[in-house]
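S.K.: Give me the fold of what follows.
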Amino acid sequence: MASSLKNGGAKATNLRSSFTKPKLQSTNTRRSLPALNSAEAVSGRVRVAVRLRPRNPEEMAADADFADCVELQPELNRLKLRRNNWESDTYEFDEVLTEIASQKRVYEVVAKPVVESVLDGYNGTVMAYGQTGTGKTYTLGRLGDEDTSARGIMVRSMEEILSNVSPVSDSVSVSYLQLYMETIQDLLNPANDNISIVEDQRTGDVSLPGATLVDIRDQQTFLELLRLGEAHRIAANTKLNTESSRSHAFLMVHVKRSISSPDDDFSLGSQDRCTLVGNLAPPLLRKGKLIVVDLAGSERIHKSGSEGHMLEEAKSINLSLSALGKCINALAENSPHVPVRDSKLTRLLKDSFGGTSRTSLVITIGPSPRHRAETSSTILFGQRAMKVENMLKIKEEFDYKSLCKRLQMENDRLIVENERQQKQYQDENERIRLEAQKYVAEAERNYVEALEVEKTKCQMDYMESIKKLEEKWAISQQKHATNGEVHKGGGSEETRELQALLQKEINLRKAAEEENKNLNNKLLKFTKLQLVDGNSNGFSLQKVLEEESYQKMKLEEEVRILRNQLAELSVESNQTRRYSDRGSNNGKSSGMMNCSSPLNYGHSRDNDNGEGASISNLHEQVGLQKILSLLESEDPNVQIHAVKVVANLAAEEANQEKIVEAGGLTSLLMLLRKYEDETIRRIAAGAIANLAMNECNQELIMAQGGVPLLAMTATNAEDPQTLRMVAGAIANLCGNDKLQTRLRSEGGIKALLGMVRCRHPDVLSQVARGIANFAKCESRVATQGIRPGRSLLVEDGALPWIVQNANNEASLIRRHVELALCHLAQHEVNAKDLINGGALWELLRISRDCSRDDIRALARRTLTSSSIFQAEMRRLRIEV
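M.R.: Numbering: from 1, shown residues only. Here you go, the predicted structure:
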């Protein structure tokens, strides 16, 4: 017996030495694969490792006086199974793992070579076999939630696969099944509880087309699938194991890897790409499948205590394991008939034993002498499995779909590039045509103007000549009348002279008309020549264009001067001119600029009473309606000055009602809606913030859609001063109890919280003031019982920011945030959210260290009056 074991051990050693050769051979095979049919099968023996479980508390108590039935010799890869105190049987395995072997060590010696083969395109199987309660599920399926070092083979295998595949060109998909009572069930879809096995008649491959197949992109998704499958797996409590698996679990991982050749590169230039497309060969696609099998433990009925339905389960488990043992015996003895169809378990593992898969088997045993018979059966099963030879075969095929897709993408790219070039060509032609038309039209206009000038000049000369002739004729008539003598001959001579002059003028007129006609002909010729060659007569045309440009500049300057005069006259006061030229008076503070700081209007009135009086005088002199009409001026400077005046007037409570009645609020909202100018929007927002101090005006702002406009301005603006104005306006609206729900529904609260991105202290101060106003109103409404439920601020996610800034360095921000936190804590329904968000510690700090006595007292009163806060502080052993 011992000699036979030695011979078997020597054979196992020889086989173990040859176990690493197939990987090198497969590499050579892959290099010489011009066609798929040339791939040759490689021999590979089933690799078997044995793992010893440490004694559990029950065995320590029951077997305290007995030695372990197993003695391990890991350095020799041997174990001894005791027959009695004097005799033992020795067995050799590929790996012997002691009870202190780590999960990482088990993975590296059992599963890692199989996983690497799967990544190379082979099928692989990792299986655990042993008596129930010996650690099969722990070895394979441990998730390691509490301790990452306890991760099992399933988790570590997926980590290895995901780290070696490309998310772009490769794919990984997973199925998780169980074989229960000879029925294949889907652990990822429990409704799919009777999956049939399909065998390919040509290749003999086994597949499960009805199983759920989930694509895996990251490790977290895989862990969630494992948790889902374990929740659906059937387990029961027996005398041997509190959570005994009553089914065989199969984790099937399908890996598809695209093997790109160096020539298959679409990132080259257009000329190289055109050359490569004709010679492009389809890429290779390697398909590997990893099966991790967690077999249900073999058990003896009188030891496990199974009865009723559990007894039927145990019978089914033992029958399937017995069928697996018969198949392995037949394969080990090279029997011509292997009873694969005796069980669905053997059909599913057809490729793992005697097929094309690279298989690693880990057998798990226990040290207790009470279970020596089961331990011996497990060891003999592993010994027989070591004799099974598989013919490993790489799974490769041409990836025509990937090649087709990539060629389609290249075709689409070329089509888009062609369309872009055509569009560019058409745009260039259109630009040249428009430019030529522009030059022709300009030349025609210049020639027409020149003809008109010449015609006018000729007409003036003609009229001047006629006038001179008439004067001469009148003088001559007067002279003849005075002398009283009219000589017939002389008169005839003068008449002839006049006729000659008239004829001369007629000839001049005809000559002018002929010149006009010639100029028109030249204009037509120039037009034709301009279309053919735009450079003809360039110098003369350039002079004309320069003259026209100079005239245009003069006209623009005159228009600008007239517009400035119009702006000065519209205000009708010397005050406006002083504001526009205020650069020379740096020592004075202008009241108009204070509208950019709506929250400091009181300070401006105290320091600048003279300027405020000038604004009031301007309002009385010019009229509010005329000032508001200037808000619609086309000149931006006039608009800016007008909105400054309105903002300063809105800072006075006495003027607010007049501004609203005159339509000023509507005009200010129109400026926010229509204009992109940052200055106008900033000053308009400041004016709206001043008007929002009045409760009646707040309702009008809401009714006219002011909140969405302020929210839109807050989203688009980047200037801190503009954001400060908008935040101040929304903060004023937050202090109205009646408008809270509508303010939140129209996006006011989200806009207020969104402005913290600016991080400017002035903006954060206004945001904190708005949150404090809102929280105070919520507390008051909740106390009155009008609106129960959680705070709207908490629901909109304001609590983290409040907690983060409760101890802000800026005293103004800190004071507002502390006040808001105290008001939120007054409502009992918010207590749990505040505790979970860490606000309890800030409330304790406020109750002890706040510089404001009223806020400190409010925090202390809130903590002592809340039963939830009191219970949490008792749990944490904290006293107020």
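S.K.: Excluding chain neighbours, what is closest to R217?
M.R.: Take R217 and drop its neighbours on the chain: the residue closest to it by Cβ to Cβ, 6 or more residues apart in numbering is P167, 6.5 Å away. In short, each C-beta sits where N, CA and C put it, glycine included.
S.K.: what about the one you found, how many neighbours?
M.R.: By the measure other Cβ atoms under 10 Å, the count of residues near P167 is 10.
S.K.: what's the pLDDT at it?
M.R.: P167 carries a pLDDT value of 87.
S.K.: right, and the secondary structure at it would be what?
M.R.: When classified by DSSP: H, G, I helix; E, B strand; the rest coil, P167 comes out as coil.
S.K.: What separation is there between it and S298?
M.R.: As for P167, its distance to S298 is 42 Å (criterion: Cβ to Cβ, to the nearest Å).
S.K.: Could you do N518 as well?
M.R.: 120 Å.
S.K.: same question, L733
M.R.: Taking Cβ to Cβ, one finds L733 at 75 Å from S298.
S.K.: Compare the two (neighbour count), which wins?
M.R.: Neighbour totals were compared for L733 and S298, and L733 leads with 28 against 22 (other Cβ under 10 Å).
S.K.: wait, that one sits on L700?
M.R.: No: using Cβ atoms under 8 Å, L733 makes no contact with L700, being 11.2 Å away.
S.K.: Can you name the next helix or strand after the helix or strand encompassing N637?
M.R.: In this assignment (DSSP states H and E), N637 forms part of helix 636-650. Counting by DSSP H and E, the next helix or strand C-terminal to helix 636-650 is helix 653-661.
S.K.: how far off helix 653-661 does the helix or strand just after that next one point, in degrees?
M.R.: Using DSSP H and E, the helix or strand that follows helix 653-661 towards the C-terminus is helix 664-674. Between helix 664-674 and helix 653-661, the angle comes out at 70 degrees (axes from the mean of the first three to the mean of the last three Cα atoms, to 10 degrees).
S.K.: Tell me the helices and strands packed up against helix 664-674.
M.R.: If you count contacts as 3 or more Cβ pairs under 8 Å, 6 or more residues apart in numbering; DSSP states H and E, helix 664-674 packs onto helix 624-629, helix 636-650, helix 678-691, helix 695-703, helix 706-716.
S.K.: Sort out which residues of the third one are buried, please.
M.R.: It stands for helix 678-691. 679-691 (16 or more other Cβ atoms under 10 Å).
S.K.: now the last one
M.R.: Neighbour counts over helix 706-716 (16+ other Cβ under 10 Å) mark G706, V707, L709, L710, A711, T713, A714 as buried.
S.K.: do the same with the fourth one
M.R.: Within helix 695-703, the residues that qualify as buried are N697, Q698, L700, I701, M702, counting by 16+ other Cβ under 10 Å.
S.K.: ok, now the shortest one?
M.R.: By neighbour count on 16+ other Cβ under 10 Å, the buried set for helix 624-629 is L624, I627, L628.
S.K.: what does stretch 98-106 give?
M.R.: A101, Q103, V106.
S.K.: Now do the same for the first one: its pLDDT.
M.R.: Put plainly, it is A101. At A101, pLDDT is 93.
S.K.: Name the nearest residue to it, ignoring sequence neighbours.
M.R.: R51 (6.7 Å).
S.K.: name the element that neighbour belongs to?
M.R.: strand 47-52.
S.K.: One more: M252?
M.R.: strand 248-259.
S.K.: counting contacts, what elements does that strand pack onto?
M.R.: helix 112-119, helix 153-163, strand 171-180, strand 284-294.
S.K.: Dump the ones you listed to JSON lines, plus distance to L226.
M.R.: Output for the helices and strands packed on strand 248-259, formatted as JSON lines (distance: least, Cβ to Cβ, whole Å):
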{"stretch": "helix 112-119", "distance to L226": "16"}
{"stretch": "helix 153-163", "distance to L226": "6"}
{"stretch": "strand 171-180", "distance to L226": "7"}
{"stretch": "strand 284-294", "distance to L226": "11"}
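S.K.: Which one of those lies nearest to I317?
M.R.: strand 171-180 (9.4 Å; Cβ to Cβ).
S.K.: after the closest one comes which helix or strand?
M.R.: strand 183-186.
S.K.: S865 and R852, how far apart?
M.R.: Following Cβ to Cβ, the distance that separates S865 from R852 is 19 Å.
S.K.: and if you look at I749?
M.R.: 25 Å.
S.K.: Have a look at the two and say which one is more surrounded.
M.R.: Set side by side, I749 and R852 show more neighbours around I749, with 25 against 15, by other Cβ under 10 Å.
S.K.: quick one: the strands in the stretch 1-150 of the chain?
M.R.: 42-45, 47-52, 70-73, 78-82, 88-92, 95-97, 123-130 (DSSP state E, counting those that start in this stretch).
S.K.: which other helices and strands contact the helix or strand harbouring S765?
M.R.: Using DSSP H and E, S765 sits within helix 761-784. Helices and strands in packing contact with helix 761-784 are listed as helix 720-733, helix 740-745, helix 748-754, helix 792-795, helix 811-825; criterion 3+ Cβ pairs under 8 Å, 6+ apart.
S.K.: Only the buried residues of that helix, if you could.
M.R.: Here helix 761-784 shows 762-779, 781-782 as buried, counting by 16+ other Cβ under 10 Å.
S.K.: neighbours of W86, just the number please.
M.R.: If we define neighbours as other Cβ under 10 Å, then W86 has 6 of them.
S.K.: mind starting the numbering at 38 from now?
M.R.: From this message on, residue numbering opens at 38, which makes the last subject W123.
S.K.: For the stretch 388-537 of the chain, give me the ranges with low pLDDT.
M.R.: 435-436, 439, 519-537 (pLDDT under 70).
S.K.: Now do the strand or helix carrying R384: everything it contacts.
M.R.: Using DSSP H and E, R384 falls within helix 381-385. By Cβ atoms under 8 Å, 6 or more residues apart in numbering, the surrounding residues in contact with helix 381-385 are 216, 219, 221, 234, 236, 243, 285, 287, 357-358, 360-361, 364, 376-378.
S.K.: Over to stretch 204-211?
M.R.: Contacts for stretch 204-211 (Cβ under 8 Å, 6+ apart): 195, 198-199, 202, 250-254, 259, 262, 288-295, 297, 439.
S.K.: switch to 6 Å and redo it
M.R.: I198, L250, V251, D252, I253, V290, H291, V292, K293, R294, S295 (Cβ atoms under 6 Å, 6 or more residues apart in numbering).
S.K.: So for the helix holding R384, mean pLDDT?
M.R.: pLDDT averaged over helix 381-385 gives 92.
S.K.: re the thing from before, reformat the buried residues of stretch 135-143 as TSV; add distance to K492.
M.R.: Shown next, in TSV, are those (distance: Cβ to Cβ, whole Å):
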residue	distance to K492
A138	113
Q140	106
V143	108
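S.K.: Flag the shaky bits of the stretch 38-187 of the chain, pLDDT-wise.
M.R.: Using pLDDT under 70, the stretch 38-187 of the chain drops low at 38-78, 101-102.
S.K.: My guess is the residue nearest to A138 contacts T401. True?
M.R.: Yes: R88 lies in contact with T401 (Cβ atoms under 6 Å); the separation is 5.1 Å.
S.K.: Buried residues of stretch 398-417, list them for me.
M.R.: 398-405, 408-409, 411-416.
S.K.: again, but for stretch 685-704
M.R.: Those would be 685-689, 692-693, 696-697, 699, 701-702, 704, for stretch 685-704 by 16+ other Cβ under 10 Å.
S.K.: Check the gap between the closest residue to H864 other than its chain neighbours and A862 for me.
M.R.: Among residues not flanking H864 along the chain, A819 sits closest, at 4.6 Å (Cβ to Cβ, 6+ apart). Noted for A819: a distance of 12 Å to A862, by Cβ to Cβ.
S.K.: Over to A138?
M.R.: 54 Å.
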